[in-house]
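> predicted structure and sequence below. I'll ask about it afterward.
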Amino acid sequence: MHQDIESVVNEGARDTARPISEPAKFASRPWTRTDDDKLRRLALMGVSVRAIGIRMSRTETAIHSRARRLQVILGKIRPKQLQMG
C-alpha cells in the first residue's frame, strides 16, 4: 500500500502550529546588495549577531552564513581592542 506524497508530508506537520507547506517567516528571502552593505556596516560597528538579525529581520544563522560568504568578521569590538593596535 502506497500513500500519496502529500499525506506523508502533512503527517509530519500534525504536531506543528502551521502546515509544513507554509514557509517560515524568514525562509529563503534573497539577500540584496543593500542588505550586504548593511550587514558589513553593522559588523564594523561591532553590533552583535543577535542585534543584526533583529535589525535585518533575519535569523542569527542567516547572518552568520551570509557574513561567512562575504568574508565579514562578526563579533563585538571593544574599545580596548581598538586602542591596542
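Ah, there it is. Fair warning: this is a prediction, and the values are worked out from it, not measured in the lab.

> residue ranges with poor pLDDT in the chain?
For the chain, applying pLDDT under 70 flags the ranges 1-27, 76-85.

> residues in contact with stretch 65-79?
Here stretch 65-79 makes contact (Cβ atoms under 8 Å, 6 or more residues apart in numbering) with 31, 35-36, 39-40, 43, 45-49, 52, 58, 63-64. Backbone N, C-alpha and C define where each C-beta goes, glycine included.

> repeat the analysis, applying 10 Å as the threshold.
Stretch 65-79 is contacted by residues 31, 35-36, 39-40, 42-49, 51-52, 56, 58-60, 63-64, 81, 84 when judged by Cβ atoms under 10 Å, 6 or more residues apart in numbering.

> quick one: buried residues of it?
Residues 66-67, 72, 74 are the ones in stretch 65-79 that count as buried (16 or more other Cβ atoms under 10 Å).

> can I get those residues in TSV with secondary structure?
Formatted as TSV, the buried residues of stretch 65-79 follow (DSSP: H, G, I helix; E, B strand; the rest coil):
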residue	secondary structure
Arg66	helix
Ala67	helix
Val72	coil
Leu74	coil
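
> mind listing what Arg41 touches?
Residues near Arg41 by Cβ under 10 Å, 6+ apart: 47, 52.

> and it, what helix or strand is that in?
In the assignment (DSSP states H and E), Arg41 maps to helix 33-44.

> now the element after that helix, going C-ward?
The helix or strand immediately downstream of helix 33-44 is helix 49-56, counting by DSSP H and E.

> for that following helix, packing partners?
Helix 49-56 sits against helix 33-44, helix 60-70, with contacts defined as 3 or more Cβ pairs under 10 Å, 6 or more residues apart in numbering; DSSP states H and E.

> so it versus helix 33-44, what angle?
Orientation check (axes from the mean of the first three to the mean of the last three Cα atoms, to 10 degrees): helix 49-56 against helix 33-44 gives 150 degrees.

> could you give me the buried positions within helix 49-56?
By 16+ other Cβ under 10 Å, the buried positions in helix 49-56 come out as 49, 52-53, 56.

> may I have that helix exported as PDB, CA atoms only?
Presented in PDB, the C-alpha positions along helix 49-56 are these (Å, rounded to 0.1, in the frame of the first residue of the first chain):
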ATOM      1  CA  VAL A  49      24.900  39.000  15.600                       C
ATOM      2  CA  ARG A  50      21.600  38.800  17.500                       C
ATOM      3  CA  ALA A  51      21.100  42.600  17.200                       C
ATOM      4  CA  ILE A  52      22.000  42.500  13.500                       C
ATOM      5  CA  GLY A  53      19.500  39.700  13.000                       C
ATOM      6  CA  ILE A  54      16.700  41.700  14.700                       C
ATOM      7  CA  ARG A  55      17.500  44.800  12.800                       C
ATOM      8  CA  MET A  56      17.500  43.000   9.400                       C
END
